[in-house]
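Asker: Mind folding the following:
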Amino acid sequence: MTDDNLPGEDRELFAALENLPLPIPASELPRLFFARIARRRQRPGLAALAIAASAILIIGAGWFIDHRREEHDLAALHDQLVVALQDRSPAARYRAVATLGGSSDANAELLIIAALTTSLLSDPSANVREAAAEALGRSADTLALHDAAAQALVVERSPFVQAALVRALQRLSPSLRTPLLASFIVRPDLDSTVRAEARRVAGS
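Answerer: I've put the predicted structure just below:
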């Protein structure tokens, strides 16, 4: 059966499918994400537009529309990165975690922390969990780091991830990190090197 012989509704459906945008490959998400970040930071602020008072309304309106479009595009890329955290490929998930951990976008901070915490606690790859621990250690939200580490230190079995968590906890105040590490140190299954590093950080 040729396209001409298809019912009208089917022809419309096939035509719509042909016009669907191609999905962005997972390998391209980190590059596109940081490109959006860089472009947004290069946008002039509203205060700079006040230099030419007579053009404020025209230029300001154009900047606002473009800025909102950039915000929308950036949010869409964030969503795709979060989807990439569930990719079958550990390498793709690792890249997504590394990209989210390198973001300094305050508007997406809660989303990023939630995604990284999920990866830390549930990803089957130790490399991905280690990257998530390191990324959370760079987060400005130390309470989120504390809560994520409190859960991970109980269940984590990989000495590499454990060591990354211990290093991340150095950012916490002694009153927050010492109780966590005191409970962690007494685990009977700890690698001796990890235990020694945890004792060092707890006492520093």
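Asker: quick one, domains of the protein?
Answerer: 9-84, 113-204 (automatic domain parsing).
Asker: By mean pLDDT, show me the worst of those domains.
Answerer: Looking at the domains of the chain, the lowest mean pLDDT belongs to domain 9-84 (a mean of 52).
Asker: Can you list the helices and strands that the one helix or strand V128 maps to packs against?
Answerer: Per DSSP states H and E, V128 falls inside helix 126-137. Helix 126-137 sits against helix 90-101, helix 109-122, helix 142-155, helix 159-168, with contacts defined as 3 or more Cβ pairs under 8 Å, 6 or more residues apart in numbering; DSSP states H and E. To be clear about C-beta, it is placed using only N, CA and C from the backbone, and glycine gets the same treatment.
Asker: how about a markdown table for those, with mean neighbour count and distance to D79 added?
Answerer: Shown next, in a markdown table, are the helices and strands packed on helix 126-137 (neighbours: other Cβ atoms under 10 Å; distance: least, Cβ to Cβ, whole Å):
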| stretch | mean neighbour count | distance to D79 |
| --- | --- | --- |
| helix 90-101 | 21 | 12 |
| helix 109-122 | 19 | 9 |
| helix 142-155 | 18 | 20 |
| helix 159-168 | 22 | 26 |
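Asker: With distance to A131 as added columns, please give these in CSV.
Answerer: Shown next, in CSV, are these (distance: least, Cβ to Cβ, whole Å):
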stretch, distance to A131
helix 90-101, 4
helix 109-122, 8
helix 142-155, 13
helix 159-168, 8
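Asker: out of those helices, which comes closest to E130?
Answerer: Between E130 and those, the shortest gap by Cβ to Cβ is with helix 159-168, which sits at 4.7 Å.
Asker: can you list contacts of that closest one?
Answerer: Helix 159-168 has contacts (Cβ atoms under 8 Å, 6 or more residues apart in numbering) with 120, 126, 129-130, 133-134, 136-137, 145, 149, 152-153, 156, 181, 184, 190-191, 193-194, 197-198, 201.
Asker: Need the buried ones from these selected in ChimeraX.
Answerer: Buried members of the contacts of helix 159-168, defined by 16 or more other Cβ atoms under 10 Å, are picked up in ChimeraX with:
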select :120,126,129,130,133,134,136,137,145,149,152,153,156,181,184,194,197,198,201
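Asker: orientation of whichever strand or helix holds R200 relative to helix 159-168 in degrees?
Answerer: According to DSSP H and E, R200 maps onto helix 192-203. Using axes from the mean of the first three to the mean of the last three Cα atoms, to 10 degrees, the inter-axis angle of helix 192-203 relative to helix 159-168 is 10 degrees.
Asker: other SSEs contacting helix 192-203?
Answerer: When contacts are defined as 3+ Cβ pairs under 8 Å, 6+ apart, helix 192-203 packs onto helix 159-168, helix 174-185.
Asker: Need these in TSV (columns: distance to L110).
Answerer: Below are these laid out as TSV (distance: least, Cβ to Cβ, whole Å):
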stretch	distance to L110
helix 159-168	18
helix 174-185	20
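Asker: For G101, give me its contacts.
Answerer: Taking Cβ under 8 Å, 6+ apart as the test, what G101 contacts is 112, 116, 131-132, 134-136, 138.
Asker: any chance of those residues in a markdown table, plus distance to L169?
Answerer: Output for these, formatted as a markdown table (distance: Cβ to Cβ, whole Å):
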| residue | distance to L169 |
| --- | --- |
| I112 | 19 |
| L116 | 15 |
| A131 | 16 |
| A132 | 14 |
| E134 | 12 |
| A135 | 14 |
| L136 | 10 |
| R138 | 13 |
